[in-house]
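Peer 1: I need the structure of the sequence given here:
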Amino acid sequence: MARTGAYLYAAGATLVTVWLALPHPAASQDLLLVPLVAVTYTAAWVMGRHGAKLTLRQWELVVALGIALISLAIQFSGRSSTPFVLFYLWSNVYAWYFFPRKRAAIQLALTGAAYAGVLILRDPIAMGGTTRGLLPVFGAGAAWWLITVGTMLVAGVLVASLRGRVDRLILGLTDERNFVVSVVDTAAALVMIFGLDGQLQGFNRACERITGYDADATRGSHISEFMLVPEELERAHDEWNALMDTGGPSEFEFSLITRDGDRRLIAWSAVVGRDAAGEPDHVVATGVDITERKRGERELRRHAARQAAVAELGRRGLEGLPLPELAAESARIAAEQLELDECQVWELTPLSGELLLTAAVGALEGETGRLTVASDPSTVPGFVTSADETVIIDDFREQDRFAALPQLAAAGAISGLVIPIPGPRHPYGAMGGQVVQHRAFSHEDTNFLRSVAHVLGAAIERWRAEESVRHNALHDPMTGLPNRELFLDRLGHVLARRETAGQSAAVMFLDIDNFKLINDSLGHDAGDQMLKAIGPRLASALRPADTVARFGGDEFVVLCEEVGGGRDALVVADRLQQALGEPFVLDGEHHFLTASIGVALAT
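Peer 2: Reported below is the predicted structural model:
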């Protein structure tokens, strides 16, 4: 309203200025028109600068002032039919459009009265009986008045009707715009609007919520300056050029960097918008945050890969993969699936009670089969094995509970996870890994490593059970010495080598003298203790390569490889007699044994 009114005032002042510059009737009062022009221009400037602050009542006064200025311009021009009369029409069109109809009718009446006054002053009537005209009151200007006021009335009615239609159209467009804005602002999807130069023109609340940026604050900025990931800029430039060439729609995935520095993966769909003439005008991009979905898909794929790895490890274990190879495969799978820089498998040795490194990935790989650590709580594997508990270390450098292995410290290990390898009564050992960067191991990481350790523990248990079966099948259950079957097997190997290498061997058969008296006098328990003690005595008199076995009852047999002849065999037999001649202590009493020894030579 203010701008239109200012334009009308300025146009009127300009028309008067043109009137003064061009030839015009001599009756024109130019000196009075000059200050009129100045007043009109001043009024136009005031309206343009402060018109928005005026009330409707004040605007009615502005229009009335305009009608008065138009009337003065017509009066000072010297003619009642100058072009200035047209501004009566434009001022009333203005009133009919911006004012209520009753107010606009008042302005029309005011215009008619003002022009009637001008006609009376400029074209007076000569009173007499010969006067002609439709309305003698206005004289010769009556037709002009009727035409002008009638034209303004018709124009006003048309403008009023048009205004109603325009108002309804504007209301419909406003409602539609508000609906679209509400949908866009409340939508869960991100909506961004760009200029053809790539500068942001705005985005919705979902985009504000996800990125943390304010739409008004970023308007006019280029998205590549603060939101796009640097390594994706080149691809984004290519996608933008392709969109400009085709117009879209185009679909692609790009990450956005939020105000907090977080990275969100967005699936975008973009299209080039056009103006009323069909020319490219802007770009609308809608996006869906698929960060969590992609993360979930990655987690599912990783979980499936881990399950497949454990299943494959179990399958190979059931197929009889040797235990050392299975341990190495377990360490490799754990390091691969958990992205570990270091991984170790520690097995508790039955005799020494230490933890032996049986498999490793990383710095300790060369120490496999040689490196041992204490099984007490001073070391991480020792504590895990003795306490049967999982240990997660956030930072080895900040803990003093466990002694760190120098090799792992030198490799830069920072965070670690170690779990027990389960056994039927107590753990068989420990399995764990380390990384050279700080990491918080998840519950899923622990469960996966525990699954691998269960497979390894089951394999160790099965291997030890099989070893026990094999040992019991080839060894005497009471003395632990090789039994008849194992002895005959070794004898067969010795005789086979003798045929090819020409080496001599001796077999000595020992029968303990009067052993039945021990059972009868001291009892069978004492006899069993005596038999258990005989084995080590005989073994102490032999070389490491020789074999002593129990044939049954109180009968023992000795296999000596690479003897020089009968004399050497007799020397060995004499040592065996001497070993048995040492006293055996049972329940604090000394007992002495002798044996009958038969010797056979293979030369």
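Peer 1: what stretches of the stretch 151-300 of the chain score poorly on pLDDT?
Peer 2: 151-170, 172-188 (pLDDT under 70).
Peer 1: now the helices for it?
Peer 2: Assigned by DSSP state H, counting those that start in this stretch, the stretch 151-300 of the chain shows helices spanning 205-211, 215-218, 233-246, 291-318.
Peer 1: just put those helices in a markdown table and tack on distance to residue 598 and mean neighbour count.
Peer 2: In short, each C-beta sits where N, CA and C put it, glycine included. A markdown table is the format used below for the helices of the stretch 151-300 of the chain (distance: least, CB to CB, whole Å; neighbours: other CB atoms under 10 Å):
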| stretch | distance to residue 598 | mean neighbour count |
| --- | --- | --- |
| helix 205-211 | 95 | 19 |
| helix 215-218 | 104 | 14 |
| helix 233-246 | 91 | 14 |
| helix 291-318 | 48 | 14 |
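Peer 1: to residue 469, which of these lies closest?
Peer 2: Ranking the helices of the stretch 151-300 of the chain by proximity to residue 469 (CB to CB) places helix 291-318 first, at 17.3 Å.
Peer 1: in CSV, list the helices of the stretch 151-300 of the chain along with distance to residue 190.
Peer 2: Listed next are the helices of the stretch 151-300 of the chain as CSV, based on distance: least, CB to CB, whole Å:
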stretch, distance to residue 190
helix 205-211, 4
helix 215-218, 11
helix 233-246, 15
helix 291-318, 12
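Peer 1: would you mark the buried spots in the lengthiest strand in the chain?
Peer 2: Longest strand in the chain by number of residues (criterion: DSSP state E): strand 263-274. For strand 263-274, the buried set under the neighbour-count rule, 16 or more other CB atoms under 10 Å, comprises 264-268, 270-272.
Peer 1: kindly report the same for stretch 39-54.
Peer 2: Those would be 40-41, 43-44, 47-48, 51, 54, for stretch 39-54 by 16+ other CB under 10 Å.
Peer 1: what's it in contact with?
Peer 2: 1-3, 5-7, 9-10, 12-13, 16, 62, 65, 69 (CB atoms under 8 Å, 6 or more residues apart in numbering).
Peer 1: could you dump the buried residues of strand 263-274 to CSV with distance to residue 341?
Peer 2: Output for these, formatted as CSV (distance: CB to CB, whole Å):
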residue, distance to residue 341
264, 29
265, 27
266, 33
267, 34
268, 37
270, 42
271, 47
272, 49
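Peer 1: quick one: which of the residues you listed is nearest residue 465?
Peer 2: Of all the buried residues of strand 263-274, residue 465 sits closest to residue 265, with 51.1 Å by CB to CB.
Peer 1: so who does the nearest residue in space to that closest one that is not next to it in sequence touch?
Peer 2: Nearest residue to residue 265 in three dimensions, chain neighbours excluded: residue 291, at 4.7 Å (CB to CB, 6 or more residues apart in numbering). Counting by CB under 8 Å, 6+ apart, residue 291 touches 263-265.
Peer 1: and those residues, which is closest to residue 420?
Peer 2: Distances from residue 420 to the contacts of residue 291, taken as CB to CB, are shortest for residue 263 (37.8 Å).
Peer 1: wait, that closest one touches residue 228, no?
Peer 2: No - counting by CB atoms under 8 Å, residue 263 sits too far from residue 228 to count as a contact (10.6 Å).
Peer 1: residues shared between the contacts of the two?
Peer 2: 255-257.
Peer 1: residues near residue 508, how many?
Peer 2: The number of residues packed around residue 508, counting by other CB atoms under 10 Å, is 23.
Peer 1: got the contact list for it?
Peer 2: 557-558, 560, 569, 572-573, 576, 597-600.
Peer 1: state the helix or strand in which it lies.
Peer 2: Element membership for residue 508 (DSSP states H and E) is strand 505-512.
Peer 1: give the partner strands of that strand in its sheet and their orientations.
Peer 2: Applying DSSP bridges to the sheet, strand 505-512 is found paired with strand 555-561 (antiparallel), strand 595-602 (antiparallel).
Peer 1: so of the ones you listed, which one's packed in deepest?
Peer 2: strand 555-561 (a mean of 22; mean count of other CB atoms under 10 Å).
Peer 1: can you list contacts of that one?
Peer 2: With CB under 8 Å, 6+ apart as the criterion, strand 555-561 contacts 481, 487, 490-491, 494, 503, 505-512, 534-535, 538, 542-543, 545-551, 569, 572, 576, 595.
Peer 1: now it: average pLDDT?
Peer 2: Summarised as a single mean, pLDDT over strand 555-561 is 90.
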